[in-house]
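Enquirer: I would like the atomic coordinates for the input below:
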Amino acid sequence: MVSNQYARAFRLVLFSAALLIIVALACGTSAPEAAPAPDTGSTSQQATTQQSSQPATGQEAAPQQQASSGQGQSPAQDSAPPPTRVLAAATATPLPPAIQAEPSADATEGFVDFDIKDPVIDPDRSRQSEGKMVLAYHTALSPKWSDPQVAPASRTPYSAFLQNVFDPLIGAMPNGRFVYLLAEDLEMTDDFKKATFRLREGITFHNGEPVTTEDVKFSYENYSGANADIYQDKTERIEIVDERTITFYFKESFIDFLELYGSEASGAGFIVPKAYYQEVGPEGFIEAPIGAGPYKIVGQTTGQSVIMEAYEDYWRKVPNIKTIETKGVPELASRVAALKTGEVDVAYFVTGALLQDAIEDPNIQVDPNNSAPFWLFFPGYEDPANPFHDKRVREAVSLAMDREFLSATETQSLAIPTGNFIPPGKGDYLDRPVPEYNVEKARQLMAEAGYAEGFEIDAFTPFPPVFSLAERIMDSLREIGIKSELNVTQRPVFLSMLREHRAGFPGTQIAFSISTGPPNAAGYFRAFGLCEQGSSVICDDHIDARMAEYEASLDLEERSAIVEELQAYILDEYIFVPVYINAFAMGAGPKIKGDIADYSVVSTSLFPYEDIEINP
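Expert: Down below sits the predicted model:
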């Protein structure tokens, strides 16, 4: 494997160079050109081998700025410079827009020229699915994650179940960001007010019933998850033409329809069987879900494990693996121990003190898998009585964090300090410098704000199970007088808290989150930046007003300018405080065939399951 890594490292260097060329060509334009599909070569590590790449600009990670003279250095500043880091292919590759920048040969006058690929279909139906893979998921498991009708603004349910049990009409695959799946064709008028899908023939759900336009209509109209309000506000009616043809009519131009419906920004495009769903109801459905994806759920223990078996009549191919068991293992030590003993074949989020141990194990391959930034936020900061209402206090929080030290201690310096809460590669991403680390300046700002002696808050609530990083950040904040207690939750609870908005985080708190799901910068604001919408815990009139202008505009350059301005605003005001691009390291045992990184080129989790291969 080590020799293969050198070859892959060389390909990654070429890929980074290609990204630099793309950015140079795009300089001065509002929308960068689409990059070619990434080389699926490894970004994995064995022992101390490290390869390099960097955010969408192709530049190396910016070095951490030094504190003012006279300030003591952290351990990270005493040590050698951090290594160059690797962005996961799914994170580093600039996502192409849904609409072709230039008309293609297949463009039809009067219709939008979408960039949608055809699927890769394996016609060999003689193979049989074989073997079993066990995956240690890094959180407790929620039964609700098996129902796309209530999908939250988080990738968690998709990576756990949705993208493997259900198929969307159009979705991301290794050969493209938008690929025809249950649909074989889409036509949308160039005023963005009418969209017609043609379903693929002969597709069935796991119960053998055909997938029809009645199911598509029901899945859309019954949907109540993330971004449901946008669909409800925009849609005038849906017309079923026949069992395979369906037309959506919109009240106004819906330019982002495919960006939302054809991505994990919402679960509305993941089709459920209407008759079965209505028969068993939402509670019955999460106990025994039925989809049209490559795997079907055949058993589950609430919160602990889910067993899936291959659906061998799956239309795209016969899945390679017969049985996949997902275990909810929130405890890091338990995940790593299970990986080392062979109890599980893959473990998500190998981090902290045990990461180096996994890297040095000759039987384990580790993919650094840098995914998306963690960012801090301040529930209730809008209230003048809240200490975080003062921008100087929020800025002091940012200044108190030595991001290089946090990366070194939590991820063996694999995590990449960043200046934005949006991952590189997302549409309209704004490149920002890494924020300064300066404790003395932070203390000065605290004093100017009237908190020279600091204050105590009710809770520090991290994204589960990232508790070790949270405790290190809490230690940093104590240096400037902000004292807190760690609020430990499970992932399903935390996601529910986000959907309750401000009410989910009572009192005075600091919290932090992460997301890889939204397809572009606008998607992050829809999910996390609008008052009482999605999973947002903030309420800012300026953001709401500018996003309303964004939604009303059909000018692509104007839309890009708006979301870039909003990114600068939310970062300059320290409403969100980015930490680093997480190293969502995946560990894989010897049962996984090939390189574990080859199975995460679409997203920063294993996908598609049907393509994964295991050794006998």
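
Enquirer: which parts of the helix or strand where residue 445 lies are buried?
Expert: In the assignment (DSSP states H and E), residue 445 maps to helix 439-448. Neighbour counts over helix 439-448 (16 or more other CB atoms under 10 Å) mark 439, 441-447 as buried. Where you see a C-beta, it was placed from the backbone N, CA and C, and this is true even at glycine.

Enquirer: Out of those, which is nearest to residue 156?
Expert: residue 442 (32.7 Å; CB to CB).

Enquirer: ok, that closest one - contacts?
Expert: Residue 442 is in contact with 395-397, 399-400, 479-480, counting by CB atoms under 8 Å, 6 or more residues apart in numbering.

Enquirer: Quick check: the gap between the residue positioned nearest the centre of the chain and residue 309.
Expert: Geometric centre of the chain, nearest residue: residue 516, 1.5 Å, by CA atoms, centre = their mean. Separation of residue 516 from residue 309 (CB to CB, to the nearest Å) stands at 27 Å.

Enquirer: Helices of the stretch 251-400 of the chain, start to end?
Expert: For the stretch 251-400 of the chain, the helices defined by DSSP state H, counting those that start in this stretch occupy 257-261, 274-287, 332-341, 355-360, 391-399.

Enquirer: if you average pLDDT over the third one, what comes out?
Expert: Meaning helix 332-341. The average pLDDT within helix 332-341 is 97.

Enquirer: Enumerate the positions of stretch 500-520 that are buried.
Expert: For stretch 500-520, the neighbour count (16+ other CB under 10 Å) marks 501-502, 504-505, 508-520 as buried.

Enquirer: now do stretch 336-355
Expert: Using 16+ other CB under 10 Å as the test for burial, stretch 336-355 gives 336-340, 343-352, 354-355.

Enquirer: what comes into contact with it?
Expert: With CB under 8 Å, 6+ apart, stretch 336-355 has contacts from 133-138, 327, 329, 332-333, 335, 357-358, 361, 363-364, 366, 410-412, 414, 465, 468, 583-589, 591-592, 596, 605-606, 614.

Enquirer: from those, which would you call buried?
Expert: The neighbour count (16+ other CB under 10 Å) marks 133-138, 327, 329, 332, 335, 358, 361, 364, 366, 410-412, 414, 465, 583-589, 591-592, 596, 605-606, 614 as buried among those.

Enquirer: Keep only those of those that are in helices.
Expert: 332, 335, 358, 410-411 (DSSP state H).

Enquirer: quick one: which of those is nearest to residue 159?
Expert: Checking those against residue 159 with CB to CB, the nearest one is residue 335 at 15.4 Å.

Enquirer: contacting residues around that closest one?
Expert: Residues near residue 335 by CB under 8 Å, 6+ apart: 136, 138, 329, 344, 347-350.

Enquirer: so which of those residues comes closest to residue 246?
Expert: Using CB to CB, residue 348 is the member of the contacts of residue 335 that lies nearest residue 246, at 36.6 Å.

Enquirer: which non-adjacent residue is nearest the closest one?
Expert: residue 138 (4.4 Å; CB to CB, 6 or more residues apart in numbering).

Enquirer: By mean pLDDT, flag the weakest helix or strand of the protein.
Expert: Lowest by mean pLDDT, DSSP states H and E among the helices and strands of the chain is helix 2-26, with a mean of 38.

Enquirer: Make sure residue 461 is actually in contact with residue 487.
Expert: Yes: here residue 461 reaches residue 487: they are 4.2 Å apart, a contact under CB atoms under 8 Å.

Enquirer: If you count surrounding residues, which of those two has more?
Expert: residue 461 (24 against 19; other CB atoms under 10 Å).

Enquirer: what pairs with that one across the strands?
Expert: residue 511 (DSSP bridges).

Enquirer: what's the spacing between it and residue 388?
Expert: Taking CB to CB, one finds residue 461 at 14 Å from residue 388.

Enquirer: One more: residue 558?
Expert: Separation of residue 558 from residue 388 (CB to CB): 32 Å.

Enquirer: Which of those two has more residues huddled nearby?
Expert: More crowded of residue 558 and residue 388, by other CB under 10 Å: residue 388, with 25 against 13.

Enquirer: Contacts only, for the more buried one.
Expert: 378, 380-381, 394, 397, 508, 510.
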